[in-house]
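Participant: Predicted coordinates and the sequence they were generated for:
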Amino acid sequence: MKIQISGLVNLSAALVLSLGLLSCDPYPRSGMIIKTGPASFMKPLVGISTFVVMFDSLGRVGIEEYGTAYSFDDDVKDSLLYAMDPKVVFDLPAKLHSNEKVVNIEFPIETHKLRYRAYAKLKGGEIKFGELVIVNF
């Protein structure tokens, strides 16, 4: 009986230890929740007047830079935006909910699609993106 109880205790200890190790994440998630806000357009429809970035949570990792990446392209084969695409960097520190940046970006002639999405570059180099928005004009 002692052997069975001893074995059961060792098995329980091993199970608890292994579950603890599996739940330890050496690279914790930032916890930040970023969303792409609506853009405002100039009237008549000739360009962009504001971009909005929204944070539902600022997370546990500092934000080095945030803003909106955008691209004008009628041939939207690849819907992602990359570091080489133009971007608008917001000046003020990020705050919860709505962050707005006034811009004056004219639409290129003969282009009828705008792609944009919010981004945040975290301390440590990780980049988080909001959802992609495509506007036909």
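Facilitator: Sure thing, it's come through. Numbers count the residues shown, from 1 in each chain.
Participant: bridging residues for residue 34?
Facilitator: On the basis of DSSP bridges, residue 34 is bridged to residue 55.
Participant: shouldn't it be in contact with residue 52?
Facilitator: No. In this structure, residue 34 is not within contact of residue 52 by CB atoms under 8 Å, at 11.4 Å. For glycine as for every other residue, the C-beta is placed from the backbone atoms N, C-alpha and C.
Participant: The two: which has the busier surroundings?
Facilitator: residue 34 (25 against 19; other CB atoms under 10 Å).
Participant: those strands in the protein, which residues are they?
Facilitator: In order along the chain, the chain carries the following strands (DSSP state E): 33-36, 40-41, 47-57, 63-72, 87-89, 97-106, 113-122, 127-129, 133-136.
Participant: which outside residues touch the second one?
Facilitator: Just to be clear, that refers to strand 40-41. Applying CB atoms under 8 Å, 6 or more residues apart in numbering, the set of residues contacting strand 40-41 from outside is 47-50, 137.
Participant: can you list those in JSON lines and add distance to residue 89?
Facilitator: Formatted as JSON lines, those follow (distance: CB to CB, whole Å):
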{"residue": "47", "distance to residue 89": "18"}
{"residue": "48", "distance to residue 89": "15"}
{"residue": "49", "distance to residue 89": "17"}
{"residue": "50", "distance to residue 89": "14"}
{"residue": "137", "distance to residue 89": "24"}
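Participant: between those residues, which is closest to residue 116?
Facilitator: When the contacts of strand 40-41 are compared for distance to residue 116 (CB to CB), residue 48 comes out closest, at 8.3 Å.
Participant: any idea how far the residue nearest to residue 32 when sequence neighbours are not counted lies from residue 120?
Facilitator: Take residue 32 and drop its neighbours on the chain: the residue closest to it by CB to CB, 6 or more residues apart in numbering is residue 59, 3.1 Å away. With the distance defined as CB to CB, to the nearest Å, residue 59 ends up 9 Å from residue 120.
Participant: Between the two, which contacts overlap?
Facilitator: With contacts taken as CB under 8 Å, 6+ apart, the residues that reach both residue 59 and residue 120 are residue 32.
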